[in-house]
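Peer 1: I'd like to go over a predicted model; first the sequence, then the structure.
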Amino acid sequence: MFFLPQSTPLRPLAAAAALVMCLGAPAAHAVEPFVLKDIRVEGLQRTDAGTVFAALPFRIGDTYTDDKGASALRSLFGLGLFKDVRIDIEGAVAVIIVEERPVIQTVSFVGLKEFDKDALVKSLKDAGIGEGLPFDRALIDRAEQEIKRQYLSRSLYGAEVVTTVTPVERNRVNVTFTMTEGEAARIGEIRILGSKAFTEGTLLGLMELTTSGWLTWYTKNDRYSRAKLNADLETIRSYYLNRGYLEFAIESTQVTISPDKQDISITITIDEGQPYTVTAVRLQGEFLGKDDEFKELVRIRPGGPYRAIDTTETTKAFTDRFAIYGYAFARVEAQPEVDRATGQVAITLRADPQRRVYVRRIDVSGNTRTRDEVIRREFRQFESSWYDGQKIKLSRERVERLGYFKEVNVETNEVAGSPDQVDLVINVIEKPTGNLALGLTFSTTEKLSLSASVKQDNVFGSGNYLGFEINTSKYSRALVLSTVDPYFTIDGISRAFDVYYRTSRPLNSLGDEYQLATPGAAVRFGVPFSEYDTVFFGIGAEQTEIRGTNSIPNAYFIYRDLYGPRSNAFPLTLGWARDARDSVLTPTAGRYQRVNLEWGAFGDVRYLRTNFQYQEYFPLTTRFSLGINAELGIGRGLGDRPFPIFKNFYGGGLGSVRVFEQSSLGVIDPTGAYIGGAKKFNLNAELYIPVPGTGNDKSLRFFGFADTGNVWREGEPVRADDLRASAGLGLSWISPVGPLKMSWGRPLRSKPTDRIQKFQFQIGTAF
């Protein structure tokens, strides 16, 4: 919240008046020049004498003149520390007599509710009003007026701000801002006059501003804001321009407020004009001899109604295509030729590519923690090469996908004196990339569990990942140390190490003893084959021990009896991933595909375990989107052995089929334990809905979901009749401790033996 300017100089009239008063004093009468033998300063209470001496234009031994005296007064007043300054001459001695400004001891607020106190204190301090700063009445008055303007911007038209300055000992003052905020003015009526082609209700539905309703206490959209009204007017304008009304105009906007300053009425008068049909699209100008290539980019369709968005997208596509060929400053204009008699319009696209340029230098700005090389290695545009708009766009996207920055922008600056050169500046705003999480949870399934993790996605600004996790839930415990170097080689080959110790037992197991213990380690490498494709391969070593003698599931007991309590494995892993989503955490468009193959080729167990995942996101509108996720897992034993039971897939819960309890789908052991299976399938669909009042913020969204899937044992046929299904609503939030999801739903297909959990909550689930 910006309340005040960053700095406010001493008002010129006040300074001039004080200077005249000082120069008019008897002690400042004209004197004959003389050599200074001494300089004394009187009246100081808090200010250091060195500050005064540093501002003086003369020293002991210099010749004192009236001009130097006047210059000294200006310098001392310019410090902003003194209310009055004068110079007395006693023989060959200059006596500087000052009266210090009071210092602010405290700044307090009475009746403040609408604004955050800490933000207001910071804004005032940036403007020169804060504890320990010199008191300046002019600054206080300006702050008071600025706070009033901020109240007006929030529809608090009856708000009053009164400033009280209370002197205290040692030339200090307490400053108190007393606010009488009152009630916010509400929009009681919005009228749109002049609409004929569309109903008034249709146009009102396009606006963010609205009259008071059941949810406006939260959205506050019934509070008038000039900025919001201007945005709504542009929305209405775009609505008409995209439906053929080329000459649409807003004739007037009237905003009236009731005498008690509580009700606001808005009246908008429009002139629709007539609808126009596009008859032709022509290209004029220089198109680098690639006219056919540019014609393919035209979104305007002759025979249909004029649509401003098609024209805008076409000119942007032309500009982007020129940028690919190095023309960073190409000009493309759409010139309509209107025939009002017939309601027809012809569009002429005129292009001037200007000059071709190359990039002289690339600078990085705003990275206080992340090293330059971490950002530069993601750039596909190089220095001393031709400017390529497509590579620059891709470079910005790659830097954004790092996840280290709130914002990433690329500026193109011309080089003075070199019309064929530009400099690129990558401006980033960093965000915290470390995560320290401590959790204590209780559920009917896991009972009391402790979880803790320390993760850093950008260790020491190097771009490397380092994480440590511990989990102590009832059915699954883990101790994991992981590290990833995304640029193990300069070509972008990544390397990851995992060291872990896990113990687990199936859901609904009898007794409290853990049955499976798995220490292990693995190393993986990732090789990028394109901007979106990466191939992974690695090797691991692990030992799984089936522990316990009482109340263990029959399947575990039989496996241990046949193959021994310990199984050593050296799995080889091979995988491929393509990530073309527009965001990793909050995707709204694009596709993600992943295939993993785990091959137990050596050791006591021989098996194949494959997993395929497919995600696609469809933007339905600017704020609504649909996400589809499908996952298929298949495992089989090799040689004479079955698929290892401790490599089973599990289903149910968040990330699988919601409403069914976590890991409760699949094979049920005779003891009642849910032991998973060698085959898994689940299909999920989510419709993302913005939370009212959050605008385009995608970190907090509602969603509706529909899930189906199940888990089967090895050799068991996959039947559609076995599929479980559910549907419901949920909330997704990218919280400071990771992606958080909570959902509530009902089963659509289930069996009496299924464990139903209508409300589910989890941190760290992506889909």
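Peer 2: Great, that's in hand.

Peer 1: next one: the closest residue to L246 other than its chain neighbours, what pLDDT does it get?
Peer 2: Spatial nearest neighbour of L246, excluding adjacent residues (CB to CB, 6 or more residues apart in numbering): Y276 at 4.7 Å. All C-beta atoms are positioned from the backbone trio N, CA, C, and that covers glycine. Here the pLDDT value assigned to Y276 is 96.

Peer 1: ok, Y276 - contacts?
Peer 2: By CB atoms under 8 Å, 6 or more residues apart in numbering, the contact set of Y276 is G244, Y245, L246, P305, Y306, V338, G343, Q344, V345.

Peer 1: which secondary structure state does the first one sit in?
Peer 2: When the structure is split into helix, strand and coil by DSSP: H, G, I helix; E, B strand; the rest coil, G244 lands in coil.

Peer 1: how deep is it tucked in, by neighbour count?
Peer 2: Residues within reach of G244, counting by other CB atoms under 10 Å, total 21.

Peer 1: and it, what does it touch?
Peer 2: P275, Y276, T277, P305, Y306, R307.

Peer 1: from the contacts of Y276, list just the buried residues.
Peer 2: Buried members of the contacts of Y276, scored by 16 or more other CB atoms under 10 Å, are G244, Y245, L246, P305, Y306, V345.

Peer 1: in the stretch 151-300 of the chain, where is pLDDT below threshold?
Peer 2: Judged against pLDDT under 70, the stretch 151-300 of the chain has no low-scoring part.

Peer 1: mind listing the strands for it?
Peer 2: Applying DSSP state E, counting those that start in this stretch to the stretch 151-300 of the chain gives strands spanning 160-168, 172-180, 186-193, 249-257, 263-271, 277-285.

Peer 1: can you lay out those strands as a markdown table showing mean neighbour count and distance to T63?
Peer 2: Shown next, in a markdown table, are the strands of the stretch 151-300 of the chain (neighbours: other CB atoms under 10 Å; distance: least, CB to CB, whole Å):
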| stretch | mean neighbour count | distance to T63 |
| --- | --- | --- |
| strand 160-168 | 13 | 42 |
| strand 172-180 | 18 | 40 |
| strand 186-193 | 16 | 71 |
| strand 249-257 | 13 | 66 |
| strand 263-271 | 18 | 68 |
| strand 277-285 | 15 | 71 |
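
Peer 1: ok, back up a step: relative to G463, which of the buried ones among the contacts of Y276 is nearest.
Peer 2: Y306 (48.6 Å; CB to CB).

Peer 1: the closest residue to N648 other than its chain neighbours and D88, how far apart?
Peer 2: Leaving aside its chain neighbours, N648 sits nearest to G676 (3.4 Å; criterion: CB to CB, 6+ apart). Separation of G676 from D88 (CB to CB, to the nearest Å): 94 Å.

Peer 1: on that earlier part again, quick one: closest of the strands of the stretch 151-300 of the chain to T368.
Peer 2: Per CB to CB, nearest to T368 of the strands of the stretch 151-300 of the chain: strand 172-180, 33.5 Å.

Peer 1: and the residue nearest to N648, bridged to which residues?
Peer 2: V667 (DSSP bridges).

Peer 1: surely it touches F649?
Peer 2: Yes: G676 lies in contact with F649 (CB atoms under 8 Å); the separation is 5.5 Å.

Peer 1: convert the C-alpha atoms of stretch 657-668 to CSV, please.
Peer 2: Coordinates of each C-alpha in stretch 657-668 appear next as CSV, following Å, rounded to 0.1, in the frame of the first residue of the first chain:
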residue,chain,number,x,y,z
VAL,A,657,-9.5,-41.9,-6.4
ARG,A,658,-10.7,-39.4,-3.8
VAL,A,659,-13.5,-40.2,-1.2
PHE,A,660,-12.0,-43.7,-0.8
GLU,A,661,-9.5,-43.8,2.0
GLN,A,662,-5.8,-43.4,1.2
SER,A,663,-4.3,-46.7,-0.1
SER,A,664,-7.5,-48.7,0.6
LEU,A,665,-8.2,-49.8,-3.0
GLY,A,666,-7.0,-53.1,-4.4
VAL,A,667,-6.5,-56.5,-3.0
ILE,A,668,-7.7,-57.3,0.5
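
Peer 1: about what we covered before: can you list the strands of the stretch 151-300 of the chain in JSON lines and add distance to R755?
Peer 2: Listed next are the strands of the stretch 151-300 of the chain as JSON lines, based on distance: least, CB to CB, whole Å:
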{"stretch": "strand 160-168", "distance to R755": "60"}
{"stretch": "strand 172-180", "distance to R755": "55"}
{"stretch": "strand 186-193", "distance to R755": "49"}
{"stretch": "strand 249-257", "distance to R755": "58"}
{"stretch": "strand 263-271", "distance to R755": "54"}
{"stretch": "strand 277-285", "distance to R755": "60"}
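
Peer 1: re earlier: include distance to G655 when you put the contacts of G244 into JSON lines, please.
Peer 2: Shown next, in JSON lines, are those (distance: CB to CB, whole Å):
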{"residue": "P275", "distance to G655": "50"}
{"residue": "Y276", "distance to G655": "51"}
{"residue": "T277", "distance to G655": "51"}
{"residue": "P305", "distance to G655": "45"}
{"residue": "Y306", "distance to G655": "47"}
{"residue": "R307", "distance to G655": "41"}
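
Peer 1: which among those gets closest to S462?
Peer 2: R307 (48.6 Å).

Peer 1: got a list of what the nearest residue to that closest one once chain neighbours are set aside touches?
Peer 2: Residue nearest to R307 in three dimensions, not counting chain neighbours: N242, with 4.8 Å by CB to CB, 6+ apart. Residues near N242 by CB under 8 Å, 6+ apart: R307, A308, I309.

Peer 1: any idea of the angle the helix or strand containing the last one forms with strand 277-285?
Peer 2: So the one you mean is I309. Here I309 sits within helix 308-324, counting by DSSP states H and E. Inter-element angle recorded for helix 308-324 and strand 277-285: 20 degrees (by axes from the mean of the first three to the mean of the last three CA atoms, to 10 degrees).

Peer 1: any idea of the mean pLDDT for the next helix-or-strand element following helix 308-324?
Peer 2: Later in the chain than helix 308-324, the nearest helix or strand by DSSP H and E is strand 331-339. The average pLDDT for strand 331-339 rounds to 94.

Peer 1: give the pairing partners of strand 331-339; include direction for each.
Peer 2: Paired strands of strand 331-339, with direction, are strand 344-352 (antiparallel) (DSSP bridges).

Peer 1: and the furthest pair within the buried ones among the contacts of Y276?
Peer 2: Y245 and V345 (11.2 Å).

Peer 1: overlap of the contact sets of those two?
Peer 2: Y276, Y306.

Peer 1: what's across from I266 in the sheet?
Peer 2: Residues in beta-bridge contact with I266 (DSSP bridges): I190, V255.

Peer 1: contact partners for the residue nearest to G389 when sequence neighbours are not counted?
Peer 2: Leaving aside its chain neighbours, G389 sits nearest to A323 (2.5 Å; criterion: CB to CB, 6+ apart). By CB under 8 Å, 6+ apart, the contact list for A323 reads A330, Y387, D388, G389, Q390, I392.

Peer 1: check what pLDDT A323 gets.
Peer 2: 93.

Peer 1: gap between it and S365?
Peer 2: The separation that A323 has from S365, given CB to CB, amounts to 22 Å.

Peer 1: before we move on, the earlier item: the residue nearest to N648 and F612, how far apart?
Peer 2: Taking CB to CB, one finds G676 at 18 Å from F612.

Peer 1: more neighbours, those two?
Peer 2: Neighbour count, other CB under 10 Å: between G676 and F612, G676 has more, with 27 against 15.

Peer 1: in contact with that one, which residues are there?
Peer 2: Per CB under 8 Å, 6+ apart, neighbours of G676: P506, N648, F649, Y650, G651, S663, G666, V667, V711.

Peer 1: S663 and I675 touch, don't they?
Peer 2: No: look at S663 against I675 with CB under 8 Å: they stay out of range, at 9.6 Å.
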